[in-house]
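Chemist: need coordinates for the below:
(chains A and B)
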Amino acid sequence: MFVNDALVEFALEYAQSNGKYCEYVEIRSEINSTDTVSFINGKLHIGNLPIELTSDAFARKSGINIRIIADGGMGMTSTNQFTKKMIMESVDRAYRNAKRSGKQRKTPIGMSDEKVYKEEWQSEYKINPMDVSLEEKIKFLQSFVNIFNEKYPIEFIHIFVLLAEQREAYFVNSEGSRIRSHIPRVAFIPVVIGIKGGGQNEQSMATYATSSGWDDLISWNLEEKVRNTVVKLSDIILKAKKPPEGDIDVILGPDVAGIIAHENCGHPSEADRILGREGAQAGESYLREHSIGYKIGNDCVNVFDDPTIKGSYGFYLFDDEGVKARKRELIKDGIFNEMLQNRESASIFRTQSNAAARAVAYDREPLIRMANTYFAPGDYSFEEMVEDVKLGIFMNSFTEWNIDDKRLQSKYVGQEAYLIKNGELTNSMILKPALEISSPGLFSSIDAQGKLETLEWQGAFCGKSEPGQGCPVWTGGPFVRLRKVRLA
Amino acid sequence: MNEMEEKSYQLIDIIEERLEQFCTDWAIKALLNNENQIRFSESQIDIYKSWNEIKIILFLSQRRRTLDISINDLSIIAIDKALQNCEKLLEVAKLNLNYKKMPAGPFEYNPSIQQKIFDQKVVNLDETAVDIVNDATETALNEGANRVAGSFFYGDTQVIQKNSLGLEGSFNKTQLMLDEKQE
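Modeler: Below you'll find the predicted structure:
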């Protein structure tokens, strides 16, 4: 029994009584817990600050969120005070907010018709990261710090963050849905900066994240991955040369493919951006000018978003509007096939929600968000991709990226990158190759995607809205080949 | 005293009792937030949001080992657990060389500051907030904008403070911000 079940039901009942006429009501109760431990240059931090100035190491939030549609307007309130009086005040306030804003609107807000569910779901895991002792977490991080006891040809700054969190939620709405969920997550974020005298430096940041528990995270041989990063950063600083000029082919590694899937396809596919709702916040979308069916790339291009992938950082089975999650085929065979929809946007586009509504805590409204966005695998082995390339580079990872607020013009600067010459991958490292390209230009340059076994995932926190919401996601892809692109 | 104030003082009393058991110095700050945001795009209001919450912020010290933490899960179980964690952390924390002891005062404040940081008109904005947004969008449209997006934030916060030297106090502040993008 969730601690606030009775109050949640009371709130729903109260919202539909006393002469209030609500077109839609939903109540979401949440307990959000976060533990953060980090080491900065070998020094233990608990929370955000050094241990002697420890801050917010153990964040605990609990409260109720109420959303109401009345007179065509939407009102929301949230409170962390679980008394009937405060719940009644919050419901009354949400109702007033909805009615007041409805009067200003020319077009009423609606919700798409969706199936009613009574379900409970949780991620599968053996060890809840929230149950792992502080001592064990410190020991885990210390093993990465120890890597830097060895001698390297350059200096390093290193930051290791371990973020364990848990979300417990109970959702009800006026249509009869009752959905309870429990999901612990854990992320390990190594940040390594290699520095050489004269101001040369290279920075690497990764996020290894899972919803399958502590046991899953520690099974990933992360120490070897970090050790590998250290060696690569040294090599880049000491050995990398200028990139080739003119039109060349580029093979992207899974890290780069993942960020492109997220930024150039996922964000612009969000229906709220397309409708302009994030116009003054996260931005809009180049797809606003186009409709479903727009040919955006070559036939081989498929970019999907799937919340139902077990163990993923963006895992969920029902969204925060009670809609059952499913895979979304955003770009299918090179065609803009599907937007990410919540119930409000789906009603505008006269379609169904595809369960993209997510809120990060009780005091935030559910927004259209990605879950796990990725380039779908193709038929090529990495060797087959390379052997067709006369002159090109293999960009295995990136160090920085930029994209405009309509997600049209983008730039990705490679980190670990190698020259490809006459069908062979060479050992020659390329220094900061910068791919500057429009989203349609990028998707139209792709001619091959790697096989399923080359598909890899990275964790990330996707930022959006005001007040901000950092949403846990995975980005991913196999190797992806681009033909005849120009490096900046 | 309203319900939020009553609840805050109750929580401060409970927390104070726990802190006395393992802290040499402590300070408790309760923030009582009543905040609102109207978000609009395409020249129409998308959502009108209100937050009503109590947030407790603690500064704790045990012989120059210090930490601070914020709590907004107000259940006694959650508060107890958070304070147990704090106690453990203080035991392993290093000495904070920047901290000596809590200043004892006496402190003098200019009472006119309260008038400068609090405006009753902001507290009373509920009736007219939508009209303000509407005026802002209509004006922009009349001046030639095709569409307008943005947010209007307003609210008030009561801050109640108490520390281990017996100092107590409270003040109120208001805040508002209109953010508008035109195309």
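Chemist: what about the residue of the stretch 251-400 of chain A found nearest chain B, which helix or strand?
Modeler: Nearest residue of the stretch 251-400 of chain A to chain B (CB to the nearest CB) works out as residue A:279 at 3.5 Å. Where you see a C-beta, it was placed from the backbone N, CA and C, and this is true even at glycine. Assigned by DSSP states H and E, residue A:279 belongs to neither a helix nor a strand.
Chemist: ramachandran angles for the residue nearest to it when sequence neighbours are not counted?
Modeler: Leaving aside its chain neighbours, residue A:279 sits nearest to residue B:149 (3.5 Å; criterion: CB to CB, 6 or more residues apart in numbering or on different chains). Main-chain dihedrals, residue B:149, degrees, to the nearest 10: phi -140, psi 160.
Chemist: ok, now how distant is residue B:149 from residue A:215?
Modeler: According to CB to CB, to the nearest Å, residue B:149 stands 45 Å off from residue A:215.
Chemist: how many neighbours does residue A:133 have?
Modeler: Neighbourhood size, residue A:133 [other CB atoms under 10 Å in any protein chain shown]: 8.
Chemist: show the pLDDT at it.
Modeler: What the model reports as pLDDT for residue A:133 is 91.
Chemist: same deal with residue B:63?
Modeler: Confidence score, pLDDT, at residue B:63: 88.
Chemist: how many other residues sit next to it?
Modeler: Neighbour tally, residue B:63, other CB under 10 Å: 10.
Chemist: contacting residues for the nearest residue to it once chain neighbours are set aside?
Modeler: Excluding the flanking residues, the one nearest residue B:63 by CB to CB, 6+ apart is residue B:24, at 5.6 Å. Residue B:24 makes contacts with B:61, B:62, B:63, B:164, as judged by CB atoms under 8 Å, 6 or more residues apart in numbering or on different chains.
Chemist: can I have the buried ones of the residues you listed as a ChimeraX selection?
Modeler: Per 16 or more other CB atoms under 10 Å in any protein chain shown, the buried members of these correspond to this ChimeraX selection:
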select /B:61,62,164
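Chemist: out of the contacts of residue B:24, give me the two with the largest separation.
Modeler: Using CB to CB, these span at most 13.1 Å, a distance reached by B:63 and B:164.
Chemist: CA atoms only for the one helix or strand residue A:163 maps to, dumped as CSV, please.
Modeler: In this structure, residue A:163 is located in strand A:155-173 according to DSSP H and E. Extracted C-alpha coordinates of strand A:155-173, given in CSV (Å, rounded to 0.1, in the frame of the first residue of the first chain):
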residue,chain,number,x,y,z
GLU,A,155,48.3,14.7,-16.5
PHE,A,156,44.7,14.0,-15.7
ILE,A,157,41.8,15.6,-13.8
HIS,A,158,39.2,13.0,-12.9
ILE,A,159,35.7,13.1,-11.5
PHE,A,160,33.6,10.0,-10.7
VAL,A,161,30.0,10.4,-9.8
LEU,A,162,27.6,7.7,-8.6
LEU,A,163,24.0,8.6,-8.7
ALA,A,164,21.4,6.1,-7.2
GLU,A,165,17.8,7.0,-7.3
GLN,A,166,14.3,5.6,-6.9
ARG,A,167,10.9,6.7,-8.0
GLU,A,168,7.7,5.3,-6.5
ALA,A,169,4.5,6.6,-8.0
TYR,A,170,0.8,6.1,-7.9
PHE,A,171,-1.3,7.5,-10.7
VAL,A,172,-5.1,7.8,-10.9
ASN,A,173,-7.3,9.7,-13.3
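Chemist: helices of chain A, residue ranges please.
Modeler: A:5-15, A:84-104, A:134-145, A:214-218, A:222-239, A:254-260, A:271-275, A:343-348, A:382-387, A:439-445 (DSSP state H).
Chemist: er, chain B actually
Modeler: B:3-22, B:76-92, B:112-117, B:120-123, B:129-142.
Chemist: what sits against the spatially most central residue of chain B?
Modeler: Of all residues in chain B, the one closest to the mean position by CA atoms, centre = their mean is residue B:31, 3.8 Å from it. By CB under 8 Å, 6+ apart, residue B:31 lies in contact with B:54, B:55, B:56, B:57, B:157, B:158, B:159.
Chemist: number of residues surrounding the closest residue to it other than its chain neighbours?
Modeler: Leaving out its chain neighbours, the residue that sits closest to residue B:31 by CB to CB, 6+ apart is residue B:55, at 4.5 Å. Neighbour count of residue B:55, defined by other CB under 10 Å: 17.
Chemist: contacting residues for residue B:55?
Modeler: By CB under 8 Å, 6+ apart, residue B:55 lies in contact with B:30, B:31, B:33, B:70, B:71, B:72.
Chemist: and which of these is nearest residue B:86?
Modeler: Among these, and counting by CB to CB, the member closest to residue B:86 is residue B:71, at 9.9 Å.
Chemist: neighbours of residue A:187, how many?
Modeler: Neighbours around residue A:187, by other CB under 10 Å: 21.
Chemist: measure the nearest residue in space to it that is not next to it in sequence to chain B for me?
Modeler: In space, and not counting its chain neighbours, residue A:187 is closest to residue A:209: 3.8 Å by CB to CB, 6+ apart. Counting by CB to the nearest CB, to the nearest Å, the separation of residue A:209 from chain B is 23 Å.
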